[in-house]
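Visitor: fold the stuff below for me.
(chains A, B and C)
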Amino acid sequence: MAKKIKLSPMLKEVVSQIFRVPATQKYPAVRPKVPEGLRGKQIFDINLCISCGLCASDCPAKAIEMVNVEGKKRPLFHLDRCVFCYQCAESCPRNAIKDSGFFELASTNKYDLVIRPEINHEKGSEE
Amino acid sequence: MSLDFTLVFRALVFPGFSFIVLLTFLCDWVERKIEARMQNRMGPTYTGPAGILQPFADFVKLLAKEDMVPRNTRSVVFKLTPVLSFSMFVFAMFFLPIDGSNVILNSSFQGDLIFVLALVSVANFFLFLSGWSSSNPYSEIGATRVLTQFLGYDIPLSILAFGPALLASGLSISTIAANQRIPFALLLPWAFILFIIALQAELEKDPFDVPHAETEIVGGYETEYSGRRLAFLKLAKDVQIVLGAVLVVELFLAGPYGPVFLGIPEFWYTLWFILKVLLVVVITEYLTCIFARLRIDQVLVVNWRVLMPLSILSLATAAGVAFWL
Amino acid sequence: MTTVDQEILTTLGNKLGEKMLQTPTPQLGKVSVRVNAGVHRDALKILLEKDESAGISAITGVDLGENIEIMYHIRTLGTIVTIRTQVPKKDPRIKTITDILPGANFHEREVADLFGITFEGHPDPGRLVLSEDWPKDLFPLRKDAEITDIENKKENITALGESEQSSDKGVLTTVIMGPQHPALIEPEKFSLKVDGEIVKEVKPRIGYVHRGIEKAAEKRTYLQDVYLVERICGICNACHATCFCQAVEAIMGTEAPVRAKYLRTIVLELNRIQSHMLLLGHAGLEIGYEPFFQYMWRDREIAMDTMESLTGNRVIASFVTIGGVRRDLKEERIPKIKAGLATLKRRMVFYKNLLDGDPTLKMRTKGVGVLERQDALKLCVVGPVARGSDVKMDVRKDEPYAAYDKIPFKMISYSEGDSWARLMVRLDEINESIDILNFALDNLPTGPYRVRVPRIVPAGEAISRVEAPRGELFYYVKSNGTAYPERVKMRTPTFANILSFAHIAEGGNIADVPASFVSLDPCFSCTDR
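Guide: Numbers count the residues shown, from 1 in each chain, chains lettered A, B, ... in the order given. Now for the predicted structure:
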């Protein structure tokens, strides 16, 4: 009868949690700090491209299509197929594909989900 | 025949039907916010200031959805039971003093405590029927669990409710509420605690959450309901929570009576009433958060081997305290 | 080859005599013998005599043109022994081994589904990963299968599902924990025959998320395959990538540099921490204990944020590649990671006290879903399910890969065999993983983190094993000298554990079914591939 009954630690924990700030991140009112190196939307620099086509052949999701722009073959990125693995950036011998860290890519418009080589996409946001 | 305006006003608006439904929404919001804060998250935030309109928004959304009746159900019982159990619970509230007197003035009688407890049992039985009339194995299992659990807690609940009746020497709830100079929770603390535990079982909250355990039997007796009927079933469950809290307040916490400052006594009585009900809701929510869900056979063990003997013991001690007083 | 392997080879050679046809050159230093179809049962019995805890790890089929090669990979004494047989395509029949090892049930059914082999004497043949209306003569993994125009070739079936005769079990209700159910994260069907509240029989049906990844892997290059196998399962994605890359590196004969091995260990242990925390939270939800679930997942965010800063993404890491890892870990990030790990360690003390002390939790998990040690061995279970039943197996100790031979850690095992023991194994493993991570971060060697490898892989085959959070993950890769692999076989840990679910659920309450089920840690995307 004298065995010490261990009280569950939940009893105190639950009460103490009421007085703490909620752990919920108040997105979108509060924007989170984007960690460095997050794999977001790609930036394609047309001046460095040599039309080798390695990005398109290495893409695991077949999301890159080589299209004809002013007589040369350039990559067109289909972001709805892309898995953001960045194998294209690794395979490119001239480092023409870079990471912008922009991740808010949801859209109701298919036009937003394509990176066309003829348009300058230097700023990854709000385009 | 002229309709008494006071009667209609009291029955329909305040403190009758509309007040009870609004109180239900308020208690639901407090419950969800407290549960969320205990789990370190935010709870309803967007609908209305601090999310206070969320229960109302849920109710309205469900009213607008399609209402399907599966083919093999016993359709009369299936269609009627949500509304019937909701109305039973609301009707039971009419006999509990909210602003100093009952909803229908001068309608309290000796023995209305037993009447209210009987109404609660019948309303629970309608919940069982709602599951039994669906043609779904999940609903059948949920319905049998409701009944099995009900057999366990109903008797201790009634026995414990007689403790305050002995102390107040009367079986009318208004008498019990009015005769509490010192709240009975302080005179009979063990009965208070046991009553709240038995109430957890009646309200089907953790650890006695078994009849509608979502992760095992999908929805329990609610599985086949949709649209308006589901809205009423959910509202019936919420009114049941409020009814349980009000019973605790009336029997153990001196009802709506409290210190009256300058002004109308009815206003202050209602205010104390609401505050005490919210306090009981917070206590039951705390109990919900610290326990896991027990299996049905473990629930039976707790009911019959722990609650039952302890409640008989508490009745005996209440008789002793009443005699000493 | 190690001495243990040599010993096994000699035993097999002595006992089988001339029935053992030839020993092809062993890969990765593993024993591999070739026998005639029919002699495989004798070879298996010899191995079981030598070691009573031997179990079947996987059964692989390879299409060789005229014949189909069936390989039985037996896990014994800390290594894998492969017994190969061949059956002609025109008459693909072979005797079953389920009477010796009941755990081979699902493995044989899968090979039967995908290659068209008939296992004579199998107790329960039937579709496993393909649907019932798949055309009967189309075997997807054969090289000459034409998988086109399936809609018109589908079978005409009138009644889906098993017959409902309850012969001698009285009046039973069938409760179907169907493909959509709140207790299951991913869809699979379990038909429970219940009597009141007691479960009498359980029949699992898997294959609802079969995506044909093994066939898809043959049509992509090795580099693209790394990203493909990562997406078999979100929770243990780094383990799949590491296992595949290790197999390809073994065929090529290269090794990742030392820094890459440490970095791979870091990401593997991070995977393990977040997977175990996910499961413990999910277990809390199944038992009806919601605050436990919310607290656990809030603390899991520390691991997810660390993963994001290390690899660039929260879930699918895409960190491991053939020849090493893709990014380096900068020195200035290490203090923040270590601070996060210290917080996690403090929180784990609270959870351990909770699992030890909370009365309702113990009432729901102690003595529930007991798996005895003998049954665990016969059903060939892996991972924490085995370690919770006192079977001490862990690939990190038996056959160290990545940097595990240089990092000291303990293997956790409990002997009760119930759900509580399995949950405690995972909780203690989180603590061990935090210690491994601290050691690896402190002793990270300098050097390159990647070597360049050619795109064309020489002909050969290799086996690779990794300890995923759910158990032993097994890969077999065969290459034919081109840029595309010839055969990639993945045997995931939940696939090996699913049989034990039927065993532990029978005889208990319906309410115990989710509680015991979640302690197995099922991941159906892995199971079905």
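
Visitor: longest helix anywhere in chain A?
Guide: For chain A, the longest helix by residue count, based on DSSP state H, is helix A:10-18.

Visitor: residue contacts, the nearest residue to residue B:153 once chain neighbours are set aside?
Guide: Once flanking residues are discounted, residue B:153 sits nearest to residue B:201: 3.8 Å by C-beta to C-beta, 6 or more residues apart in numbering or on different chains. Heads up, the C-betas are built off the backbone N, CA and C, glycines and all. The neighbours of residue B:201, taking C-beta atoms under 8 Å, 6 or more residues apart in numbering or on different chains as the test, are B:149, B:152, B:153, B:208, B:299, B:303, B:307.

Visitor: so residue B:201 sits in a helix?
Guide: Yes - under DSSP: H, G, I helix; E, B strand; the rest coil, residue B:201 falls within a helix.

Visitor: any idea how far it is from chain C?
Guide: Remark: distance between residue B:201 and chain C (C-beta to the nearest C-beta, to the nearest Å) = 14 Å.

Visitor: so what pLDDT did that residue get?
Guide: What the model reports as pLDDT for residue B:201 is 83.

Visitor: with the one 10 residues further on instead?
Guide: We note a pLDDT of 69 for residue B:211 in this prediction.

Visitor: kindly report the same for residue B:27.
Guide: pLDDT, residue B:27: 91.

Visitor: residue C:19 too?
Guide: For residue C:19, the model assigns a pLDDT of 63.

Visitor: next to chain A, which bits of the stretch 351-500 of chain C? Give me the list.
Guide: C:353, C:354, C:356, C:357, C:358, C:359 (C-beta under 8 Å from any C-beta of the partner chain).

Visitor: if we go to 6 Å?
Guide: Contact residues, the stretch 351-500 of chain C versus chain A (C-beta under 6 Å from any C-beta of the partner chain): C:353, C:354, C:357, C:358.

Visitor: before we move on, which element is the second one in?
Guide: Looking back up the chat, that one is residue C:354. helix C:334-357 (DSSP states H and E).

Visitor: again, but for residue C:60
Guide: With DSSP H and E as the criterion, residue C:60 is inside strand C:55-63.

Visitor: that strand pairs with which strands, and in what direction?
Guide: Strands that pair with strand C:55-63, judged by DSSP bridges, come out as strand C:67-76 (antiparallel).

Visitor: before we move on, the earlier item: closest one to residue C:107 out of the contacts of residue B:201, please.
Guide: residue B:299 (41.3 Å; C-beta to C-beta).

Visitor: show me which of the residues of the stretch 351-500 of chain C next to chain A are buried.
Guide: C:354, C:358 (16 or more other C-beta atoms under 10 Å in any protein chain shown).

Visitor: reformat the residues of the stretch 351-500 of chain C next to chain A as JSON lines; add pLDDT and distance to residue A:10.
Guide: Shown next, in JSON lines, are these (pLDDT from 0 to 100; distance: C-beta to C-beta, whole Å):
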{"residue": "C:353", "pLDDT": "86", "distance to residue A:10": "9"}
{"residue": "C:354", "pLDDT": "84", "distance to residue A:10": "6"}
{"residue": "C:357", "pLDDT": "79", "distance to residue A:10": "9"}
{"residue": "C:358", "pLDDT": "80", "distance to residue A:10": "6"}
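
Visitor: where does pLDDT dip in chain C?
Guide: Residue ranges of chain C with pLDDT under 70: C:1-2, C:16-29, C:157-171.

Visitor: quick check: closest non-adjacent residue to the one residue in it that gets nearest to chain B.
Guide: Residue of chain C nearest chain B, by C-beta to the nearest C-beta: residue C:288 (2.7 Å). Nearest residue to residue C:288 in three dimensions, chain neighbours excluded: residue B:293, at 2.7 Å (C-beta to C-beta, 6+ apart).

Visitor: does the least confident helix or strand in chain A by mean pLDDT reach chain B?
Guide: Of all helical and strand segments in chain A, the minimum by mean pLDDT, DSSP states H and E falls on helix A:10-18, at a mean of 79. Yes - shown here: helix A:10-18 in contact with chain B (C-beta under 6 Å from any C-beta) through A:10, A:11, A:14, A:17, A:18.

Visitor: want to throw these into TSV with neighbour count?
Guide: Shown next, in TSV, are these (neighbours: other C-beta atoms under 10 Å in any protein chain shown):
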residue	neighbour count
A:10	24
A:11	12
A:14	23
A:17	20
A:18	15
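
Visitor: please tell me how far the residue nearest to residue C:288 sits from residue C:353.
Guide: To residue C:353, residue B:293 is 21 Å away according to C-beta to C-beta, to the nearest Å.

Visitor: please apply the same query to residue C:235.
Guide: Counting by C-beta to C-beta - residue C:235 and residue C:353 are separated by 26 Å.

Visitor: need the contact list for the residue of chain C closest to chain B.
Guide: B:206, B:209, B:292, B:293 (C-beta atoms under 6 Å, 6 or more residues apart in numbering or on different chains).

Visitor: wait, the second one touches residue B:292, no?
Guide: No - under the contact definition of C-beta atoms under 6 Å, residue B:209 does not touch residue B:292, with a separation of 8.9 Å.

Visitor: now chain A, which segments are flagged as low pLDDT?
Guide: Ranges of chain A meeting pLDDT under 70: A:1-7, A:119-127.

Visitor: ok, which stretches of it are helices?
Guide: Under DSSP H, chain A gives helices at A:10-18, A:54-58, A:87-91.

Visitor: what residues does chain A put near chain B?
Guide: A:10, A:11, A:14, A:17, A:18, A:22, A:23, A:24.

Visitor: list the contacts of the residue nearest in space to the middle of chain A.
Guide: In chain A, the C-alpha closest to the average C-alpha coordinate belongs to residue A:40, at a distance of 2.4 Å (C-alpha atoms, centre = their mean). By C-beta under 6 Å, 6+ apart, the contact set of residue A:40 is A:100, A:101, A:102, A:103.

Visitor: how much space separates it from residue C:283?
Guide: 34 Å.

Visitor: just the endpoints, please. Distance across stretch C:499-512?
Guide: 17 Å (C-alpha to C-alpha, to the nearest Å).

Visitor: in it, which residues are buried?
Guide: C:499, C:500, C:501, C:502, C:503, C:504, C:505, C:508, C:509, C:510, C:511, C:512.

Visitor: touching it from outside, list them.
Guide: B:216, B:295, C:105, C:194, C:197, C:199, C:202, C:368-369, C:371, C:379, C:381, C:513, C:516, C:520.

Visitor: what do you get if the cut-off is 7 Å, keeping everything else the same?
Guide: Stretch C:499-512 is contacted by residues B:141, B:216, B:295-296, C:103, C:105-106, C:175, C:194, C:197-202, C:204, C:368-371, C:375, C:379, C:381, C:385, C:513, C:516-517, C:520 when judged by C-beta atoms under 7 Å, 6 or more residues apart in numbering or on different chains.

Visitor: ok, stretch C:316-333 next?
Guide: A:85, C:222-223, C:226-227, C:230-231, C:234, C:237-238, C:241-242, C:245, C:248-249, C:254, C:256-257, C:260, C:263-264, C:267, C:307, C:309-311, C:449-453.

Visitor: of those, buried ones?
Guide: A:85, C:222-223, C:226-227, C:230-231, C:237-238, C:241-242, C:245, C:248-249, C:254, C:256-257, C:260, C:263-264, C:267, C:307, C:309-311, C:449-450, C:453.

Visitor: which residues of chain B lie near chain A?
Guide: With C-beta under 7 Å from any C-beta of the partner chain as the criterion, chain B meets chain A at residues B:37, B:38, B:40, B:41, B:42, B:286, B:289, B:290.

Visitor: can you name the helix or strand that the first one falls in?
Guide: I take that to be residue B:37. helix B:17-38.

Visitor: which of the residues in the helix or strand immediately after that helix in the chain are buried?
Guide: Per DSSP H and E, the first helix or strand lying C-terminal to helix B:17-38 is helix B:54-63. Under the neighbour-count criterion of 16+ other C-beta under 10 Å, helix B:54-63 has B:54, B:55, B:56, B:58, B:59, B:62 buried.

Visitor: can you check stretch B:147-154 too?
Guide: Neighbour-count burial for stretch B:147-154 [16+ other C-beta under 10 Å]: B:147, B:148, B:149, B:150, B:152, B:153, B:154.
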